[in-house]
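Novice: after the sequence you'll find the predicted model.
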Amino acid sequence: MSNETILDVFRDEAREILEGLEIDLVSIEKNQDNEAINRLFRGFHTLKGGSGIAGLDSVAELTHHVESRMADVRNGKEKISRSFIDLLLESIDWVKDSIFNEHDDPEKMQKILKKLSANTDAEFPVNVCDEENAQRYFRIKIDFREDIFFFGIDPLLIIEDLGRSGEFCEFRAIWRNIPALGECNPEKCFLSWNVVVKTHCSRSDIDSVFLFVRDGNNIEIEDITRYFTEHGYEESNRVGDILIRRGIIGENDLDEILEEQEQTNVKIGEIVMNKGLATQKEIEDVLGVQEKVKKQDEVKTVRVDAKKLDEIMNLLGEIVIGQSALSKLVSEISEQQGQALQSALYGLDRTTRDFQERIMSIRMVLIGTTFSQFQRFVRDTAHQLGKEIRLEISGGDTELDKTVIEKIIDPLKHMIRNAIDHGIESPEERVANGKNSDGVISLSAYHLEGNVCIEISDDGKGLDLERIREKGIERGLIRAGEELTDEKITSLIFAPGLSTAADVGKLSGRGVGMDVVKNNIAELRGSVKIDTERGKGSTFKIKLPLTMAIIEGMLFKSGNSVFIIPLLSIIESIRPAHADIKTIEEKGEMVHVRKEYIPLVRLYRSFGITPLYENPWEAILIIVESAGVKIAIMVDDLIGQQQVVIKSIDQTLSREHSVSGAAIMGDGAVALILDMNGLFHGRRA
């Protein structure tokens, strides 16, 4: 593994560790629980060790000093204050800048080190794990690749780091792979190790010691605590070790037995019995113990580059397109041949859908990690404004496509910032209004009708609807005296440049941002709705698709063109009576459906298409809904339901014609996927 590869691996791990550190720092400011303090200590310890291996000496030095201060906190010598948390967060910011931006600021680092060294002379602790945790025993087999020295890694430093985690109960260097002196290359590593560590660390703590030598090296870690008693070693999970600990054979005997086993492929137990060192009953007992240990479950994970998953999704898309082409061919051949081929295609379709679901499950990640990242943002922003606000999170186990999560972070951040600045009152104002001085912002997520819903709520003062109406009139967005629902009024805050803030501050007030928020959500084929109550607070409800890659769509024709509407947006399709079509002043064409008037959209006009039917009562109307609002799209004919792979298209076309993407049909033709948000909010030609 090259130095650059080691650095890339470290950056991936460091990103997760730093996110966890920030979350724990914000949480212990309110509730200083020991487990969070221990996680902080272990996190900085892992960063220290990893940055040293990756060659980031400055990061290793800084995190070493932070770790020492955290040792004092953990041992009860120092209390965590707000100023100390600020210092740790400042340290994390410097570490981030150094690791990810390759920007080492020596002057700033020295200032942080000076603050860290104030009032403490703590030394690096020998035992790096929590003394309050239960004592555990781990058997670790360490077999490094022969060329490990060429990657700048010293195996003894890793073993030394492992030793800091606890106490070695057993330490055996395996030397049988060392060649004869004349053939021995001093630049290669021929030794391996078999050790047992008595520790208060968790499995993940031990595993982190070997974080940067996982690839190409054989590292086996086993929790064998159950085979120990308060008096020490009782049993192991290896036949040879069990025989040694039971006094049946010695270590030298085991080395000879292993050599003989390599040459003859005879089982160890048989060799031991043939040598007269153990009875059959003793070997059966040993094998019984070994079988019990083998049944222990092990959790194994694989880190996969997101680009590789995207490549698999693209290949899956080609499979889906190929299936569509085959289905079209089936309809054009003889009935007997068509039935046989259709049967085969049905099985392929079922397998492909199963394959798709499994691939999509790999792309799905828990949204809770993203939510937790906002803990520090809320803390720092609230303190900047002299407010006390806590962030409450629920539904963190809700899964969403990684691509969607990455694109929703900025809109969420902006809405949270607005809640802090405009929604939550000052502590004095809250107390005067009979509220707690501390404000609350809630982030929640849940699944609903095949979509993911995210809600951002605050217990602040709510939106001033009258003030929003005045601003809307002032900017010419609505007419004075026009009757508007509360939903229509609240939607005005998404208009570009509209702001009700009396003053322009550092955080907000310029009327820039909420229109971008809405556009970003619309690009994800999502929608946003606002519920507000004066004096009680506001809730922003975001509805998003589970994935951006594949959708179930309804195909239809307008003229000679094929279009697709996401199936989840469709309520029904109808052929209206002549009398159901009305023209209402200032609202345009409407269709009367079960005591409700729904706006009529003639799609062919938007795209300059010559339709088969110009009279709505001769055509078909597809009733779709978004955020509680309905429209009727006039089409010539329905083709049917189909799963399609979304392909991106030119932004000019998508913006002008309310199109979110395109799909390739079985015959090679391109069908446009309609953007429901664009249709609903008048973004059509």
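Specialist: Received the coordinates, thanks.
Novice: just confirm A278 is within a helix.
Specialist: No. With DSSP: H, G, I helix; E, B strand; the rest coil as the criterion, A278 is assigned coil and is not in a helix.
Novice: what is the neighbour count of the nearest residue in space to T490 that is not next to it in sequence?
Specialist: Closest residue to T490 apart from its sequence neighbours, by CB to CB, 6 or more residues apart in numbering: I530 at 4.2 Å. C-beta: built from backbone N, CA, C; applies to glycine. Using other CB atoms under 10 Å, I530 has 18 neighbouring residues.
Novice: can you check T490 too?
Specialist: T490: 19 neighbours (other CB under 10 Å).
Novice: still on that earlier bit, the residue nearest to T490 bridge partners, please.
Specialist: With DSSP bridges as the criterion, I530 is bridged to F540.
Novice: what's the pLDDT at it?
Specialist: Per-residue pLDDT puts I530 at 89.
Novice: that one against L463, yeah?
Specialist: Yes. The pair I530 and L463 qualifies as a contact (CB atoms under 8 Å) at a distance of 7.2 Å.
Novice: any common contacting residues for these two?
Specialist: 490, 493, 538 (CB atoms under 8 Å, 6 or more residues apart in numbering).
Novice: pick the one among the residues you listed closest to N274.
Specialist: Closest approach between those and N274, by CB to CB: S538, at 80.6 Å.
Novice: dump the shared contacts of I530 and L463 to CSV, plus secondary structure, distance to K30 and pLDDT.
Specialist: Converted to CSV, the shared contacts of I530 and L463 look like this (DSSP: H, G, I helix; E, B strand; the rest coil; distance: CB to CB, whole Å; pLDDT from 0 to 100):
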residue, secondary structure, distance to K30, pLDDT
T490, helix, 32, 84
I493, helix, 31, 84
S538, strand, 24, 92
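Novice: wait, a strand at K413?
Specialist: No. The assignment for K413 by three-state DSSP gives helix, which leaves it out of any strand.
Novice: which residues are in contact with it?
Specialist: K413 neighbours (CB under 8 Å, 6+ apart): 374, 377.
Novice: would you mind measuring from it to F377?
Specialist: Relative to F377, K413 is positioned 7 Å away (CB to CB, to the nearest Å).
Novice: show me where pLDDT drops low in the stretch 551-685 of the chain?
Specialist: Applying pLDDT under 70 to the stretch 551-685 of the chain flags residues 626-628, 650-657, 666-667, 677-678, 680-685.
Novice: that one: helices as residue ranges?
Specialist: Taking DSSP state H, counting those that start in this stretch as the test, the helices found in the stretch 551-685 of the chain are 603-607, 651-657, 676-680.
Novice: what's the first one packed up against?
Specialist: The helices and strands touching helix 603-607, judged by 3 or more CB pairs under 8 Å, 6 or more residues apart in numbering; DSSP states H and E, are strand 550-558, strand 629-635.
Novice: JSON lines for those, including mean neighbour count and distance to I542?
Specialist: Conversion of those to JSON lines gives the following (neighbours: other CB atoms under 10 Å; distance: least, CB to CB, whole Å):
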{"stretch": "strand 550-558", "mean neighbour count": "21", "distance to I542": "18"}
{"stretch": "strand 629-635", "mean neighbour count": "22", "distance to I542": "16"}
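Novice: domains in the chain, by residue range?
Specialist: Domain assignment for the chain, taken from automatic domain parsing, gives 3-117, 136-294, 306-365, 367-545, 550-680.
Novice: distance from the chain centre to the shortest one, please.
Specialist: Here domain 306-365 shows a centroid-to-chain-centroid distance of 28 Å under the convention CA atoms, centre = their mean, to the nearest Å.
Novice: of the domains of the chain, which shows the lowest average pLDDT?
Specialist: Looking at the domains of the chain, the bottom one is domain 306-365 with a mean of 72.
Novice: on that earlier part again, check contacts around the residue nearest to T490.
Specialist: 463, 487, 490-491, 493, 538-541.
Novice: ends of stretch 168-184, what's the gap?
Specialist: 29 Å (CA to CA, to the nearest Å).
Novice: I'd say M554 and V644 touch.
Specialist: No. Taking CB under 8 Å as the definition, M554 is not a contact partner of V644, at 10.2 Å.
Novice: which residues do those two both contact?
Specialist: Contacts common to M554 and V644, judged by CB under 8 Å, 6+ apart, are I564.
Novice: please enumerate the strands of the stretch 501-650 of the chain.
Specialist: Ranges of strands within the stretch 501-650 of the chain are 527-533, 537-545, 550-558, 561-566, 570-574, 581-584, 588-593, 596-602, 620-626, 629-635, 637-645, based on DSSP state E, counting those that start in this stretch.
Novice: tell me, how many residues neighbour I581?
Specialist: 17.
Novice: can you check H422 too?
Specialist: Around H422 there are 22 residues (other CB under 10 Å).
Novice: state the distance from it to N520.
Specialist: 19 Å.
Novice: just to revisit the earlier point, out of the contacts of I530, which is nearest to E625?
Specialist: Nearest member of the contacts of I530 to E625, counting by CB to CB, is E487, at 13.8 Å.
Novice: what strand or helix carries that closest one?
Specialist: E487 belongs to helix 486-490 when assigned by DSSP states H and E.
Novice: quick check: which helices or strands does that helix pack against?
Specialist: By 3+ CB pairs under 8 Å, 6+ apart, helix 486-490 packs against helix 465-474, strand 527-533.
Novice: would you format those as JSON lines with distance to S208 included?
Specialist: Formatted as JSON lines, the helices and strands packed on helix 486-490 follow (distance: least, CB to CB, whole Å):
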{"stretch": "helix 465-474", "distance to S208": "52"}
{"stretch": "strand 527-533", "distance to S208": "40"}
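Novice: out of these, the one nearest I112 is which?
Specialist: For these, proximity to I112 was assessed by CB to CB; strand 527-533 is nearest, at 40.4 Å.
Novice: how far does stretch 588-603 sit from its chain's centre?
Specialist: Worked out by CA atoms, centre = their mean, stretch 588-603 lies 42 Å from the chain centre.
Novice: try stretch 58-68
Specialist: 28 Å.
Novice: contacts for stretch 181-196 next, please.
Specialist: 137-150, 155, 159, 162, 168-175, 177-179, 218, 224, 233, 236.
Novice: any of those residues buried? List them.
Specialist: Listed as buried from the contacts of stretch 181-196 are 137-142, 144-145, 148, 155, 159, 162, 168-170, 172, 174, 224, 233, 236; burial here means 16 or more other CB atoms under 10 Å.
Novice: so which of the residues you listed are in strands?
Specialist: 137-142, 168-170, 172, 174, 233 (DSSP state E).
Novice: coming back round to it: looking at the helices and strands packed on helix 486-490, which is closest to A14?
Specialist: When the helices and strands packed on helix 486-490 are compared by CB to CB, strand 527-533 sits nearest A14, at 33.8 Å.
Novice: next one: the residue lying farthest from the centre of the chain relative to D253, how far apart?
Specialist: What lies farthest from the middle of the chain is G276; by CA atoms, centre = their mean that is 58.2 Å. Counting by CB to CB, the gap from G276 to D253 is 12 Å.
Novice: how about C184?
Specialist: Distance, C184 to D253, by CB to CB: 25 Å.
Novice: could you do T485 as well?
Specialist: Taking CB to CB, one finds T485 at 87 Å from D253.
Novice: where do the strands sit along the stretch 51-200 of the chain?
Specialist: Counting by DSSP E, counting those that start in this stretch, the strands of the stretch 51-200 of the chain are 136-143, 166-174, 192-199.
Novice: can you put those strands in TSV and add distance to V404?
Specialist: Converted to TSV, the strands of the stretch 51-200 of the chain look like this (distance: least, CB to CB, whole Å):
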stretch	distance to V404
strand 136-143	39
strand 166-174	43
strand 192-199	41
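Novice: wait, which of these is closest to I649?
Specialist: strand 136-143 (52.7 Å).
Novice: great, nothing more from me.
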